[in-house]
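1. Got a predicted structure here, sequence first:
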Amino acid sequence: MDSLWSMLERRARSAGARPLVTWCGDGGLRAELSSVTFLTAVAKTAAALTEWDVPAGSTVRLDLPLHWQLPVWLAACDLAGMTVVAEGPAEVVAGTDAPLLLAEDPAWPVLVSADPLGLPGTPPAAPLLDHARDAMGQPDAYLEMPAADSTWVTVAGTWHRRDIVAEARRSADRTGLGPGGRLLVSRETPVPTCWTGVWALPLVADAAVVLCDTLDCRSVAATEGVTAGTVT
């Protein structure tokens, strides 16, 4: 079975300029990542995890809003062989709220930029790690060997990479998402459906995903030409 990373690499080679992830936020904010841009962001984030000396298999909790950073982090954790958890304690906590990260005090507290373009803000105080700046300095290509497996731990159970890919294929069949289609994922989409939708599903279906981080998803769906998904 193809790994998600190999699917992403193939997509970047064959259709690098095609949109893969579109984020729509409140106030008309919008950001779009092509396959190549997304691959580069993933490679840089996975390399940052290596630079921070996070061992493969470590637990990573993503306290992230429905932002394009969410699929980037899911993909980077897959590439680096991490275990992503939906809740509870974790060795790495990636979030956008500095005080909450400091209060929890994980081994690796990572501040992630929620800026539409992912731009860094004021440098955070130690011990917070600055994802925007640290990832920016990494090479565009991932220089390590991709991990053999990765894991999600959610209310639906433990999912290995093969389970994630299989569920993404089933979801593509259920939603009718196919090549060139556009899937909508909203704030109301629960984990693990949200995680599958923002990361694995667009790849297995050769499609794109629209992240509706606003209450007016019907308008977003119409404007963005959404072809599949639940508008909530």
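-> Great, that's in hand. Here the structure is a predicted model, which means the values were calculated and not measured.

2. Settle this for me: Gly229 is touching Gly197, isn't it.
-> Yes. Using C-beta atoms under 8 Å, Gly229 makes contact with Gly197 at a distance of 7.4 Å. Quick note: C-beta positions are derived from backbone N, CA and C, even for glycine.

3. Which other helices and strands does the helix or strand containing Leu33 contact?
-> Leu33 is part of strand 30-34 when elements are defined by DSSP states H and E. Strand 30-34 sits against strand 19-25, with contacts defined as 3 or more C-beta pairs under 8 Å, 6 or more residues apart in numbering; DSSP states H and E.

4. Quick one: residues in contact with the strand it packs on.
-> 11, 29-35, 38, 66-68, 71, 116, 182, 198, 202, 208-214, 220, 223-224 (C-beta atoms under 8 Å, 6 or more residues apart in numbering).

5. switch the cut-off to 6 Å
-> Here strand 19-25 makes contact (C-beta atoms under 6 Å, 6 or more residues apart in numbering) with 30-33, 35, 38, 67-68, 71, 208-214, 220.

6. And for stretch 80-89?
-> With C-beta under 6 Å, 6+ apart, stretch 80-89 has contacts from 46, 49, 56, 58-61, 77, 147, 150-154, 191.

7. first vs last residue of it, how far apart are they?
-> 20 Å (C-alpha to C-alpha, to the nearest Å).

8. Kindly export stretch 42-56 (C-alpha atoms) in PDB.
-> Once non-C-alpha atoms are left out, stretch 42-56 reads as follows in PDB (Å, rounded to 0.1, in the frame of the first residue of the first chain):
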ATOM      1  CA  VAL A  42       5.200  19.300   5.800                       C
ATOM      2  CA  ALA A  43       8.900  18.500   5.200                       C
ATOM      3  CA  LYS A  44      10.000  21.600   7.200                       C
ATOM      4  CA  THR A  45       7.700  20.700  10.100                       C
ATOM      5  CA  ALA A  46       8.900  17.100  10.200                       C
ATOM      6  CA  ALA A  47      12.500  18.300  10.100                       C
ATOM      7  CA  ALA A  48      11.800  20.700  13.000                       C
ATOM      8  CA  LEU A  49      10.600  17.700  15.000                       C
ATOM      9  CA  THR A  50      13.900  16.000  14.300                       C
ATOM     10  CA  GLU A  51      15.900  19.200  15.200                       C
ATOM     11  CA  TRP A  52      14.000  19.400  18.500                       C
ATOM     12  CA  ASP A  53      15.100  15.700  19.200                       C
ATOM     13  CA  VAL A  54      11.600  14.400  19.400                       C
ATOM     14  CA  PRO A  55      12.000  10.600  19.100                       C
ATOM     15  CA  ALA A  56       9.900   8.700  16.600                       C
END
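
9. Pop out the phi and psi values for Ala86.
-> phi -80, psi -20 (degrees, to the nearest 10).

10. do you know how far it is from Leu70?
-> 12 Å (C-beta to C-beta, to the nearest Å).

11. and if you look at Arg169?
-> 21 Å.

12. Quick check: the two most widely separated of the contacts of stretch 80-89?
-> Farthest pair in the contacts of stretch 80-89 (C-beta to C-beta) is Ala56 and Val191. Separation: 22.3 Å.

13. Now for Thr214, how many residues are close by?
-> Thr214 is flanked by 18 other residues according to other C-beta atoms under 10 Å.

14. In contact with it, which residues?
-> Thr214 neighbours (C-beta under 6 Å, 6+ apart): Gly25, Asp26.
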